[in-house]
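> Give me a 3D structure for the following:
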Amino acid sequence: MSSAFDLIPGFQPENDLEGRVAADPQLLEGVAWGRPRKGHPEGSVGRHVGDLLQKIDEWGESGDRRSDLRFLALVHDSLKSEVDNWRRRVGENHHAMRARRFAERYTDDERLLAAIELHDQPYHIWKRHQRTGNPQDAAVQRMLDRIPDRDLFLRFVELDTSTEGKNPAPLEWLWERV
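This next block holds a predicted model:
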């Protein structure tokens, strides 16, 4: 099996937690998965993670915020390969919930776990708004009520949305509601 250094362009662990997570065979399998597709023209999850890590550098993030964002970047999409595509992709069969369960083996920090689990919720809520015309204020509020660190969450959603192939409209829509 390839290493995280092979699968994530430019990756070098910056702390013990990153080193342990990046050595986990389950994560390695997950970051190797993927091909170019809508929203992810870069292909593999590892290439997406590499793009996010580079953006964190470009933004000049430092300290605990940098560590948190890097952990979120490493883990958030790493379990897409384990989703059962024959079932609805919700609950325990959604990649974000699978990533949360993976992350729970490494941290009990609810700020990080909630950000991983809910990182795609703004997009899904926005899509429902587009489809129905309903402003979805209650759905946005339910999501925000579950997030212990809104600033970290919003920064990570901004980070994840910043890569090529992502539609910025859901983030702009969310900013109007928080």
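
> In this structure, where is pLDDT below threshold?
1, 36-37, 40, 83-84, 86-93 (pLDDT under 70).

> quick one: furthest residue from the center of it?
residue 133 (26.6 Å; Cα atoms, centre = their mean).

> For the residue nearest the centre of the chain, list the residues it contacts.
Against the mean C-alpha coordinate of the chain, by Cα atoms, centre = their mean, the closest residue is residue 76 at 3.3 Å. Residues in contact with residue 76, defined by Cβ atoms under 8 Å, 6 or more residues apart in numbering, are 96, 99, 115, 116, 119, 156, 160. (Glycine included, C-beta is placed from N, CA and C.)

> My guess is the last one contacts residue 119. True?
Yes: taking Cβ atoms under 8 Å as the contact criterion, residue 160 and residue 119 are neighbours in contact, 6.0 Å apart.

> Contact partners for the nearest residue to residue 81 once chain neighbours are set aside?
Distances taken as Cβ to Cβ, 6 or more residues apart in numbering put residue 33 closest to residue 81, at 3.6 Å, once the chain neighbours are dropped. Shown in contact with residue 33 (Cβ under 8 Å, 6+ apart): 44, 45, 80, 81.

> Would you mind measuring from residue 9 to residue 54?
8 Å (Cβ to Cβ, to the nearest Å).

> right, and the helix or strand after the longest helix anywhere in the chain?
Using DSSP state H, we find that the single longest helix of the chain is helix 45-59. Sequence-wise, the next helix or strand downstream of helix 45-59 (DSSP states H and E) is helix 63-75.

> Show me what that next one is packed up against.
helix 16-22, helix 45-59, helix 95-103, helix 110-118, helix 150-161 (3 or more Cβ pairs under 8 Å, 6 or more residues apart in numbering; DSSP states H and E).

> Could I get those helices in JSON lines, plus columns for mean neighbour count and distance to residue 85?
Below are these laid out as JSON lines (neighbours: other Cβ atoms under 10 Å; distance: least, Cβ to Cβ, whole Å):
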{"stretch": "helix 16-22", "mean neighbour count": "16", "distance to residue 85": "25"}
{"stretch": "helix 45-59", "mean neighbour count": "20", "distance to residue 85": "16"}
{"stretch": "helix 95-103", "mean neighbour count": "21", "distance to residue 85": "11"}
{"stretch": "helix 110-118", "mean neighbour count": "22", "distance to residue 85": "20"}
{"stretch": "helix 150-161", "mean neighbour count": "19", "distance to residue 85": "22"}
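
> quick revisit: got a markdown table for the contacts of residue 33, with distance to residue 61 too?
Output for the contacts of residue 33, formatted as a markdown table (distance: Cβ to Cβ, whole Å):
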| residue | distance to residue 61 |
| --- | --- |
| 44 | 23 |
| 45 | 21 |
| 80 | 24 |
| 81 | 28 |
